[in-house]
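Here is the input, now give the coordinates:
(chains A and B)
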Amino acid sequence: MNGPQDMGGFTRFGPVNPETDEPVFHSHWERRLFAVALATGATGSWNIDISRHTRESLPAHVYWSSSYYEIWLRGLVKLTTELGLITGEELAAGHMLVQPLPVKRVLAAGEVASAMAKTSSYIRPLDRPARFKPGDLVRTRVLTREGHTRLPRYAMGRLGEIVAVHGAHVFPDASAHGKGEDPHWLYGVRFSARELWGKDTPDSVCLDLWEPYLEPA
Amino acid sequence: MAHDGHDHEGSELSPIALRVKALESLLTEKGYIDPAALDQLIDVYETKVGPRNGAKVVAKAWSDPAYADWLKRDATAAIASMGYTGRQGEHMVALFNTPTLHNMVVCTLCSCYPWPVLGLPPVWYKSMPYRSRAVIEPRAVLAEFGVTVPDGVEVRVWDSTAEVRYLVIPLRPSGTAGWSEDKLAAIVTRNAMIGTGLVTVPA
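All right, here's what the predicted structure looks like:
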C-alpha cells in the first residue's frame, strides 16, 4: 500500500520547528489518549503491526492534516470498531449498547510499571541461515504491496551494503494481516546519499530491512 | 501540530477532548480498561521514564571503556544492566559518533523511538517535516537545530523501520576530563542522543 505514512524524501512539509523545554504532553486529552491507547492495546486484541497498518490506512488528506495524537485517536477508534470491541452507535450514544467481547487481559493498576518494563523480543527461531552477511552488496526489490510493508518507497530498487544482521524477526508484512509471525532475517542496510538522492555528499541512510525485501547485487 | 489550548481544567472541552473522553468512558464501561491503570501509565511516562536514563548510559560509556565496549557489542544487555528495559526498547543498538561520523535517528514511517532510555518522543520527532526531510536533507534539518556538521564528516541517518531502536552516543566534549558520571550525565541532552544536537560544556 502506498500510504500517506511513507513520506521519507518529501521536502515540502516545511521547517522542523523544535520547541524548547517541551512538555511530555501538550494538553490533557493527549495524556488520556496515550494511556487509553496503551491500555486498550494491552488487552491483546491486536499487535503493533496491525495498529500501525490501521493508522496508515487513514485517507491521505486526513493523515497529513492530523496531529500525531489525532492520528492515534482515529486509529484507535477504527481498530476497536472494526474488531467489534465498541460500535459507532455506542460512541455516539456515549454509553454501552452491546455486551463487551471477551479480551485476553485487562491491564490492572499496580501491574503498569512491570508491564511496561517487560521485554518481549521480536526475534524468533528460524531453521534456515541468513542469506547475507555484513559487507554483502544487496539491491532492494521494487514491491507494490496491497497491504502493510516497512520498505519505504524511497529505498526501493536501490543498491546498499549489509552493515548488521539483527537475527530473525517477526515480519510486519504478514503480521499486520493476521498471517502469523512469518519470521525472516532482518538486516541493517546502508545506502549512500548518492544512490538514494543523486547527491554528491559523504552522507548515507541506514534502514532495517527483512530478507524478502532484498536480493543479491 | 495542532495544540489544544482550550481543554485545561475549568474551561470548556474542545471537540477532540470530548471525543477522547467519550472513548475512554466507553472502553471503561465495557471493562476493557481500568482508569487507575491509565493514571499510572501517564505517571510512568510523564515523570519516571525519560532522557535522563539515556544520559546516564552515555555518561557511563564515556567513563568506562569496558562498558562502552559492551554497549557496542550488545546494547540491549548493556542498557538493561542499568535497569532500562521494556516497551519500545526491545532491541537496542548504540551508535557511537566519531570525528568522521555523525549519527542521526528518524522513523520516516511512524515515530519509533527508544522509550526506556529517552521517554516519549518530542513533537518535532513525530512531525511530518522531520520524518520526511531527515533522510534526504539531513544537513538542512540539522541547521534548523543550530548544528553544523563539517563537510568531510559523514552524516549517517538511521531510519527505524523495524523493532530495532537506536541511541546515539555523542562525542564527549573536551574540558570534561576527570568529571564524575553524574556531572557528565547532566550535560547530555536528549537531542544529542537522537543526533540533532551536540554535547557542549556550559559556559
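
Could you chop chain B up by domain?
Listed domain ranges for chain B are B:15-47, B:50-194 (source: automatic domain parsing).

what's the answer for chain A, then?
If you go by automatic domain parsing, the domain ranges for chain A are A:28-117, A:137-216.

Dump the domains of chain B to TSV, plus mean pLDDT and mean neighbour count.
Where you see a C-beta, it was placed from the backbone N, CA and C, and this is true even at glycine. Formatted as TSV, those follow (pLDDT from 0 to 100; neighbours: other C-beta atoms under 10 Å in any protein chain shown):
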stretch	mean pLDDT	mean neighbour count
domain B:15-47	96	19
domain B:50-194	97	20
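
can you list the domains of chain A in JSON lines and add distance to chain B, mean pLDDT and mean neighbour count?
Listed next are the domains of chain A as JSON lines, based on distance: least, C-beta to the nearest C-beta, whole Å; pLDDT from 0 to 100; neighbours: other C-beta atoms under 10 Å in any protein chain shown:
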{"stretch": "domain A:28-117", "distance to chain B": "3", "mean pLDDT": "96", "mean neighbour count": "18"}
{"stretch": "domain A:137-216", "distance to chain B": "4", "mean pLDDT": "97", "mean neighbour count": "19"}
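
export the ones you listed to TSV and tack on distance to residue B:16?
TSV is the format used below for the domains of chain A (distance: least, C-beta to C-beta, whole Å):
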stretch	distance to residue B:16
domain A:28-117	6
domain A:137-216	26
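
So which residue is dead centre in chain B?
Centroid check for chain B by C-alpha atoms, centre = their mean gives residue B:118 as the closest residue, at 3.7 Å.

Okay, that one and residue A:89: tell me how far apart.
41 Å (C-beta to C-beta, to the nearest Å).

what's near enough to touch residue 169?
Here I'm looking at chain A. By C-beta atoms under 8 Å, 6 or more residues apart in numbering or on different chains, residue A:169 lies in contact with A:122-124, A:183-186, A:210, B:91, B:162-163.

Chain B was what I was after
Here residue B:169 is in contact with B:58, B:61, B:68, B:71, B:94-97, B:193 (C-beta under 8 Å, 6+ apart).

quick revisit: dump the contacts of residue A:169 to a markdown table, plus secondary structure and distance to residue B:15.
As requested, the contacts of residue A:169 are arranged in a markdown table below (DSSP: H, G, I helix; E, B strand; the rest coil; distance: C-beta to C-beta, whole Å):
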| residue | secondary structure | distance to residue B:15 |
| --- | --- | --- |
| A:122 | coil | 37 |
| A:123 | strand | 43 |
| A:124 | coil | 43 |
| A:183 | coil | 43 |
| A:184 | strand | 43 |
| A:185 | strand | 46 |
| A:186 | strand | 41 |
| A:210 | strand | 40 |
| B:91 | strand | 39 |
| B:162 | coil | 36 |
| B:163 | coil | 35 |
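
Nearest to residue B:122 among the residues you listed?
Using C-beta to C-beta, residue B:163 is the member of those that sits closest to residue B:122, with 21.0 Å.

The closest residue to the closest one other than its chain neighbours and residue A:168: what is the separation?
Nearest residue to residue B:163 in three dimensions, chain neighbours excluded: residue A:122, at 4.4 Å (C-beta to C-beta, 6 or more residues apart in numbering or on different chains). Per C-beta to C-beta, residue A:122 is found 9 Å from residue A:168.

What of residue B:198?
In terms of C-beta to C-beta, residue B:198 sits 37 Å off from residue A:168.

quick one, longest helix in chain B?
Longest helix of chain B, by residue count under DSSP state H: helix B:15-29.

Are the helix or strand just after it and chain A in contact anywhere?
As assigned by DSSP states H and E, the chain's next helix or strand after helix B:15-29 is helix B:35-43. Yes: Helix B:35-43 reaches chain A (C-beta under 8 Å from any C-beta of the partner chain) through B:36-42.

and the next helix or strand after helix B:35-43, how far from the chain's centre?
Next helix or strand after helix B:35-43 toward the C-terminus (DSSP H and E): helix B:51-63. Put simply, helix B:51-63 sits 13 Å off its chain's centre (C-alpha atoms, centre = their mean, to the nearest Å).

go on, stretch A:101-113?
23 Å.

and for it, what are the contacting residues?
So stretch A:101-113 is contacted by A:38-39, A:42-45, A:83-85, A:115, B:31-34, B:36-37, B:39-41, B:44, B:48 (C-beta under 8 Å, 6+ apart).

Strands of chain A, residue ranges please.
A:137-140, A:159-169, A:184-192, A:204-210, A:214-216 (DSSP state E).

Put the alpha carbons of the first one into PDB.
Output of strand A:137-140 as PDB, limited to C-alpha atoms (Å, rounded to 0.1, in the frame of the first residue of the first chain):
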ATOM      1  CA  LEU A 137      26.000  -5.800  -1.600                       C
ATOM      2  CA  VAL A 138      22.300  -6.100  -2.000                       C
ATOM      3  CA  ARG A 139      19.600  -4.400  -4.100                       C
ATOM      4  CA  THR A 140      16.200  -3.700  -2.600                       C
END
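
Can you give the strand pairings for that strand, parallel or anti for each?
According to DSSP bridges, strand A:137-140 forms sheet pairs with strand A:159-169 (antiparallel), strand A:214-216 (antiparallel).

List the contacts of the shortest one.
It refers to strand A:214-216. A:131-132, A:136-141, A:187, A:189.

Please repeat the previous calculation with a cut-off of 7 Å.
A:132, A:138-141, A:187 (C-beta atoms under 7 Å, 6 or more residues apart in numbering or on different chains).

thinking again about what came up before, relative to chain A, how far out is the residue nearest to the centre of chain B?
11 Å (C-beta to the nearest C-beta, to the nearest Å).

got it, and residue B:129?
4 Å.

hang on, that residue packs against residue A:12?
No: using C-beta atoms under 7 Å as the test, residue B:129 is too far from residue A:12 to be in contact (9.2 Å).

one step back: list the residues that contact the residue nearest to residue B:163.
The contact partners of residue A:122, by C-beta under 7 Å, 6+ apart, come to A:169-170, B:90-91, B:163.

Kindly report the same for residue B:107.
B:113, B:131, B:159-160.

at 6 Å what do you get?
For residue B:107, the contact set (C-beta atoms under 6 Å, 6 or more residues apart in numbering or on different chains) comprises residue B:160.
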